[in-house]
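Student: Make a model of this:
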Amino acid sequence: MAPVPKDLQVLGNELAIAWSDGAESYLELTDLRRLCPCAECQGERDLLGRLMKPPERPLTAESYQVRGTGPVGGYALQIFWADGHADGLYTYQKLREWGENPPELPPLAAAFPLLPVR
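Tutor: You can find the predicted model right below:
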């Protein structure tokens, strides 16, 4: 059986996850928001395979603050961001993968100087 979160907490600017197999993951909130898997953030493909994506929503400091989380079935986590966004379902498999191999993301734009850049 695939590991599932046993406990999770927001610690500073990270989401800390304790997994059922004893492993731990620490995921940057800025990365999680930028990797939001919902159709609004990542787009979705039409019947012909073309990527359809709405105009990008401007991100603010609240866009990277977590107001709450909730499990979705036995497979995903829903994150409720302070700016009202909550559409992305982060699968446990993907969260574990990102914890073990953090994704390479481009630096945050200089237009948003309030956030620390890794």
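Student: Quick check: pLDDT value at the residue of the chain most remote from its centre.
Tutor: In the chain, Leu48 marks the outermost C-alpha relative to the chain mean, sitting 27.8 Å out by Cα atoms, centre = their mean. Looking at Leu48, its pLDDT reads 93.
Student: How about Thr60?
Tutor: On pLDDT, Thr60 comes in at 91.
Student: For Thr60, the count of nearby residues, please.
Tutor: 12 (other Cβ atoms under 10 Å). Just so you know, the C-beta spots here come from the backbone N, C-alpha and C atoms, and that holds for glycine as well.
Student: what does stretch 59-71 rub up against?
Tutor: With contact meaning Cβ atoms under 8 Å, 6 or more residues apart in numbering, stretch 59-71 is reached by 5, 8, 10, 13, 15, 29-30, 33, 77-83, 85, 112, 114-115.
Student: can you map out the strands along this protein?
Tutor: 5-11, 14-19, 24-28, 44-45, 51-52, 66-72, 76-81, 89-91 (DSSP state E).
Student: As JSON lines, those with mean pLDDT, distance to Trp98 and mean neighbour count would be great.
Tutor: Converted to JSON lines, the strands of the chain look like this (pLDDT from 0 to 100; distance: least, Cβ to Cβ, whole Å; neighbours: other Cβ atoms under 10 Å):
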{"stretch": "strand 5-11", "mean pLDDT": "96", "distance to Trp98": "13", "mean neighbour count": "13"}
{"stretch": "strand 14-19", "mean pLDDT": "98", "distance to Trp98": "10", "mean neighbour count": "18"}
{"stretch": "strand 24-28", "mean pLDDT": "97", "distance to Trp98": "6", "mean neighbour count": "17"}
{"stretch": "strand 44-45", "mean pLDDT": "92", "distance to Trp98": "21", "mean neighbour count": "11"}
{"stretch": "strand 51-52", "mean pLDDT": "90", "distance to Trp98": "22", "mean neighbour count": "9"}
{"stretch": "strand 66-72", "mean pLDDT": "97", "distance to Trp98": "15", "mean neighbour count": "13"}
{"stretch": "strand 76-81", "mean pLDDT": "98", "distance to Trp98": "12", "mean neighbour count": "18"}
{"stretch": "strand 89-91", "mean pLDDT": "97", "distance to Trp98": "9", "mean neighbour count": "17"}
